[in-house]
Structures are given as C-alpha cells and as structure tokens.
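# got a predicted structure here, sequence first:
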Number of protein chains: 2
Amino acid sequence: MILINGECREHVEISDRGFQYGDGLFETIAVTSGQPVFLKRHLDRLNAGCQRLYIPFPGAELLTFEAQKLSQNSTKAVLKLILTRGSGGRGYRQPEVIQTTRVLNLYPFPDYPDIFKEQGIIARFCDTRLGLNPGLAGIKHLNRLEQILARAEWTDPEIQEGIMLDRDGHVIEGTMTNLFYIKDDALYTPSLSLAGVAGIIRDIIMAISIDHGMSVIDHTFTKNELLTADEVFVCNSIIGIWPIKQIATTCFSAGKWTRQIQAWFTQFQNEATGHGL
Amino acid sequence: MILINGECREHVEISDRGFQYGDGLFETIAVTSGQPVFLKRHLDRLNAGCQRLYIPFPGAELLTFEAQKLSQNSTKAVLKLILTRGSGGRGYRQPEVIQTTRVLNLYPFPDYPDIFKEQGIIARFCDTRLGLNPGLAGIKHLNRLEQILARAEWTDPEIQEGIMLDRDGHVIEGTMTNLFYIKDDALYTPSLSLAGVAGIIRDIIMAISIDHGMSVIDHTFTKNELLTADEVFVCNSIIGIWPIKQIATTCFSAGKWTRQIQAWFTQFQNEATGHGL
C-alpha cells in the first residue's frame, strides 16, 4: 500500500523534483505489531533535514496519522517515508511556493537470517569514497549515488556490508549502516560533520551506552585504527545491531561489549515500543 | 509532451530508482527549428555516464528517434532526457536485471533577455561547496542537491549565476554552467576530474579555440586567480555563452576574446545544425 499526499497512488509526476534532482529526504522505519518503531525520532530527523534543505515539513501530526494508518495491520514490515520539494521552480532554483510531496510506502521486512545478529557478518572496505559536504552531512537525503556505486562493488553473498571512507581516508559508515568499534572498553563512532547519515539507532546506541557509564567517543579515524579494534558492529533501523566478525582479512570477536550493547538496545526498544515512541 | 519508455505518460512509479535515490542521468538539449542541437554529443555523454553508473544505455538510435519525434514541431524549445536504473533491487543494491527508464520531455525555451549574451551577467560566489568524487565527476547525474542549495543562496534578480568552489577552494563551475576565463590571450577552465559536469558546450569551446590557435588550459585554480582574469564567461547548452561582467565587486569587460569565441561558437553551431549534428 502506498500513500502519496494522502491518496492511494503508485506514481509521481515526472516533474517532481525528487525524480528530477533527488531533491528530498527519506526515512526507513521498522514496523512491528502494527506500530512504526521510533517514529517520533524519525520524524524529528526528517524535520531537521527539511530545515537544512528549506523544504516545508508537513507536520508530525499528519505524518504520524498516515504512518500509523499504513502500519496498523502489519505484524512486521518496513515503512519508507519520502518527502520531496514537489514540482516547479526553474531548473535548480526552487519554486516560490513549495508544495512538499509526501510518499509513504510499506514493504515486506527483509529476511535477514538471525545468524547475522548472533554471530556477526563479514564486511569489506569499498573503493567508492564519500564526498565531503557539511551542508548535506548527517541528513538522510535522496542523493544516494555514492552508496549505489559502493554497493555495486561486490556481489559475493558472503559479504553483507561495505565500509565507506571519505576522500581523506577517514572511516564514515557502512553503505546502509552506521558503524561503531570498541577498544579498551570505550565505544567509538565516526564523526559525521562532513559526510554520512546520522542514524536514529546510532543516536540511541550512543545515548544508552553513556547512560550505562560507558565512555563514548565520536571522532575521526582511519581504517588502520578500525582494524586494531577489539570489537566492531554496524546498526540501522531495520537490522538493529550486527556484530562484524571480519573486515577484509582481519577477524573480530562478537565480544562482550557488543553483546552488552545489543542487550541494552533490545531493552530500550522493548520499552519504547511499549510506550509507542 | 512527455515520452516515458516510448509511451505518452506523465508519471513514473514511485519505486523508480530515479525517485528513490537519484539513481540516473540527464541531458538538457536545445531544440531549434525542430531539431535537437548537438544531439549526438549529448547521447555520447549520456552513454559515457551510463557506463560509469552501470546503467544499460537504451541505444543512440532509439533515443535519436524519440528525441526527433518530440522535437519535430518545435521552433524553439528545451528537450530534457532522463535515464534511470528503473525499479527493483534491494535498497542501494541494483537489480540483477536492469530495465532502464527513459523519459523525454519538451519544455518551453526560457526567456533570457538578449542583453545577457550581449553585455554580460552579474555572478556571485556561492557558499555551498561541491563535494569531491572522481566516480561521479564529469557526468550529469541526478544527484543535484548541491546545486539546489547553492541556487537557494540568492534571490536578487540582478544576479544570474552563482560560481561554485569545491571543498578545497578551487573554482569548479556555475550552478548551471561551465566557466572559462581569459588571461593574457590564453583560455582557462577548471579541471573537472574531481567535481563538476563536463558540459557539451565546454567541450566545443575548448576544441574550437584550439582549432583557432588559442592556448587552452584545463587546470585547478582559486577564486583569487579567477578575479585577476581579463575576461570571464559561462556557457551551457541552453544559454550558449554569457560574458560575466561582474563577480561580487570585481568587474570584467565582455572583451575581445569572449566576443571572438562567441562568434566562433555561433559559426560552429550554425554549421552543426545545418548538418544535423
């Protein structure tokens, strides 16, 4: 089922600036037991992205209503929410009056095996680098060619994720995930001020780890530093947390801290879901 | 009139990866006297872009047929041609079998006053910087948020173009144009190996200037170097060549070399149009 500006449709006008220029934003939201998980956080990020791109935000109330309407009969699904600057304007110049296009679409939940969460995945380093752009860094916008080129680098089904560096050689994220590593009982994650998507689950993991007394450091590091980590994991709204057991030829244990953070996260998620957050 | 995969339609599926991720390419082509101008060059660039993004090219013969069909009754218009990776795939991962979406759309020719071409325009420097990405540099892809943010920086109708720098402070291009400057009788243009769109008109200007014995240098330079130029101009397929008479507070003459190159270009264009190139 698809809702476009509140109506059941499956098509957008080709004049829509989302199609013409990737002029918009999106959220990918897990749905469990008829509820979009962490919906408020997703809408807050979407609102922040709208402010960065000067796209009028349709309002949390309307988006919540539509998201819940679409999700209510699903035991488990993925809700994708896209906002674009709509149609109009002259070339890149935005129209005087922006009519935001909103698209909500429910997809089947991907069938990732439990073993990824339990025993970890194999990752690789991608050759495709992320461009640096503070104006676009952090937000989940529709310009995703870098991720598509990175994901096209491998077809080996044993490899579940590719790790992307920026042009300066700093580790930023996975093609579809945020990344953390643990070293000497402290938690590290890349700074996303110049590139990358600041994920909802990344924010939650940082907050709950700090709440449990862990030292959490958001900084800039190279792949050599990553390869000396004790443990590495990736996360997003659909997969939750996957340990990384191997990057290229370097092996890691899905160790005690990753298990601990998975447990904290599951507890947090259960409590949040119970309270409809 | 719009042709989508050969049919008269106005909508694309929201599952199209052009809408989901900006996963595609486009060309903006001038139409005069029922003919798309420099069509072969546009299709060659589109084909090269398809190879870079691993999108199957629908073939020059088919695209030429459809472009001419759409253009044949127009005295003056703009033909926009979009190719996307179509629908399918799992997230950023491209589908096993790619069904390229092709969209051809005819627009009214913009009503730029002749004075821009004759006396020049006023430009500004944009704060929005271009990210550096050799994998995407040069091609005219659908990820255009940087240009949209740059174009949103000003509303003053006296200013016709914004000049964009990359993150290292090098001049790359205008938001919708390529840029040249003249200094001591030589022609300079930014190197586009890390950012920017390698325009059809830019290629032609470089080639005809070399043919006429000018020294043409494609290199990396800063805005301070640009501001010491004798003459500056911008170009694209729709506007042709516009002298720049002022950037920020620095004035330039629409001098003898810009006039000369405009004349060479007009001659080249007339000959090409006569031969249906």
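Right, received. Where do you want to start?
# so which helix or strand takes in residue A:241?
Assessed by DSSP states H and E, residue A:241 sits inside strand A:240-247.
# so what are the domain limits for chain A?
Chain A breaks down into these domains under automatic domain parsing: A:2-108, A:114-274.
# with distance to residue B:111, mean neighbour count and mean pLDDT added, can I get the ones you listed in TSV?
Using the backbone N, CA and C atoms, a C-beta is placed for each residue, glycine as well. Compiled in TSV, the domains of chain A are given as follows (distance: least, CB to CB, whole Å; neighbours: other CB atoms under 10 Å in any protein chain shown; pLDDT from 0 to 100):
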stretch	distance to residue B:111	mean neighbour count	mean pLDDT
domain A:2-108	10	19	97
domain A:114-274	30	19	96
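# any chance of a markdown table for those domains, columns distance to chain B?
Converted to a markdown table, the domains of chain A look like this (distance: least, CB to the nearest CB, whole Å):
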| stretch | distance to chain B |
| --- | --- |
| domain A:2-108 | 3 |
| domain A:114-274 | 2 |
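# which elements pack onto the lengthiest helix in chain A?
Longest helix of chain A, by residue count under DSSP state H: helix A:256-274. On a contact count with 3 or more CB pairs under 8 Å, 6 or more residues apart in numbering or on different chains; DSSP states H and E, helix A:256-274 meets strand A:178-183, helix A:200-211, strand A:231-236, strand A:240-247.
# between the last one and strand A:178-183, how many degrees?
Angular relation of strand A:240-247 and strand A:178-183 on a 0 to 180 degree scale: 60 degrees, by axes from the mean of the first three to the mean of the last three CA atoms, to 10 degrees.
# contacts for the very next helix or strand once past strand A:240-247, please.
Going down the chain from strand A:240-247, the next helix or strand is strand A:250-251, by DSSP H and E. With CB atoms under 8 Å, 6 or more residues apart in numbering or on different chains as the test, strand A:250-251 has contacts from A:227, A:245.
# partners of strand A:250-251, with directions?
If you go by DSSP bridges, strand A:250-251 pairs up with strand A:240-247 (antiparallel).
# how far does the partner strand sit from its chain's centre?
Its chain's C-alpha centre and that of strand A:240-247 lie 16 Å apart, by CA atoms, centre = their mean, to the nearest Å.
# then stretch A:112-120?
In terms of CA atoms, centre = their mean, the centre of stretch A:112-120 is set 19 Å apart from its chain centre.
# just the CA trace of it, in CSV.
Taking Å, rounded to 0.1, in the frame of the first residue of the first chain, the C-alpha atoms of stretch A:112-120 are listed here in CSV:
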residue,chain,number,x,y,z
TYR,A,112,18.0,-11.4,7.1
PRO,A,113,19.0,-14.7,8.9
ASP,A,114,19.2,-14.5,12.7
ILE,A,115,22.8,-15.7,12.5
PHE,A,116,23.9,-12.1,11.3
LYS,A,117,22.7,-10.7,14.6
GLU,A,118,24.0,-13.6,16.7
GLN,A,119,27.4,-14.5,15.1
GLY,A,120,28.1,-11.4,13.0
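# now do the longest helix of chain A against helix A:200-211, angle only.
Between helix A:256-274 and helix A:200-211, the angle comes out at 110 degrees (the same axes, to 10 degrees).
# quick check: bridge partners of residue A:244?
residue A:121, residue A:232.
# contact partners for it?
A:120-123, A:161, A:232-234, A:252.
# repeat that with 10 Å
Contact analysis of residue A:244 by CB atoms under 10 Å, 6 or more residues apart in numbering or on different chains lists A:120-123, A:160-161, A:163, A:174, A:177, A:179-181, A:226, A:229, A:231-234, A:250-252, A:254, A:258.
# now residue A:121
A:112, A:115, A:158-161, A:174, A:177, A:233-234, A:239, A:242-247, A:254.
# partner residues bridging the closest residue in space to residue A:125 that isn't next to it in sequence?
The shortest distance from residue A:125 to any non-neighbouring residue, by CB to CB, 6 or more residues apart in numbering or on different chains, is to residue A:163 (5.2 Å). Beta-bridge partners for residue A:163, by DSSP bridges, are residue A:125, residue A:174.
# you'd agree residue A:163 is up against residue A:170?
No - using CB atoms under 10 Å, residue A:163 makes no contact with residue A:170, being 11.3 Å away.
# and the helices in chain A, which stretches?
Counting by DSSP H, the helices of chain A are A:17-21, A:39-53, A:60-71, A:114-119, A:145-151, A:200-211, A:223-227, A:256-274.
# and the third one, how far out from the chain's middle?
Okay, so that is helix A:60-71. How far helix A:60-71 lies from its chain's middle: 20 Å, per CA atoms, centre = their mean.
# so which other helices or strands are in contact with it?
strand A:2-4, strand A:24-32, strand A:35-36, helix A:39-53, strand A:76-84, strand A:101-108 (3 or more CB pairs under 10 Å, 6 or more residues apart in numbering or on different chains; DSSP states H and E).
# who touches it?
Under CB under 10 Å, 6+ apart, the answer for helix A:60-71 is A:1-3, A:5-6, A:27, A:29-37, A:39-40, A:42-44, A:46-47, A:57-59, A:77-79, A:81, A:83, A:102-106, A:276.
# who's in contact with the residue nearest to residue A:125?
A:123-126, A:150, A:171-175, A:177, A:179, A:190, A:223, A:226, A:232, A:234, A:244, A:247-248.
# and of the helices and strands packed on helix A:256-274, who's closest to residue B:15?
Closest of those to residue B:15 is strand A:231-236, at 20.4 Å (criterion: CB to CB).
# can you name every helix or strand that the closest one contacts?
Under the contact criterion of 3+ CB pairs under 10 Å, 6+ apart, strand A:231-236 touches strand A:121-125, strand A:159-165, strand A:171-174, strand A:178-183, strand A:186-190, helix A:200-211, strand A:240-247, helix A:256-274.
# give me the beta-bridge partners of the closest residue to residue A:227 other than its chain neighbours?
The spatial neighbour of residue A:227 that comes closest, neighbours along the chain excluded (CB to CB, 6+ apart), is residue A:250 at 4.9 Å. Beta bridges link residue A:250 to residue A:247, judged by DSSP bridges.
# any idea how far residue A:250 is from residue A:122?
Going from residue A:250 to residue A:122 by CB to CB, to the nearest Å gives 11 Å.
# what do you get for residue A:55?
With the distance defined as CB to CB, residue A:55 ends up 38 Å from residue A:122.
# swap in residue A:265?
22 Å.
# residues contacting the residue positioned nearest the centre of chain A?
Of all residues in chain A, the one closest to the mean position by CA atoms, centre = their mean is residue A:199, 4.6 Å from it. Residues near residue A:199 by CB under 10 Å, 6+ apart: A:28, A:41, A:45, A:138, A:140, A:173, A:176-179, A:189, A:192, A:205, A:234-237.
# measure how far stretch A:224-232 is from the centre of its chain, please.
The answer for stretch A:224-232 is 22 Å, by CA atoms, centre = their mean.
# I misspoke; the intended subject was stretch A:128-138.
Stretch A:128-138 has its C-alpha centroid displaced from the chain centroid by 15 Å (CA atoms, centre = their mean).
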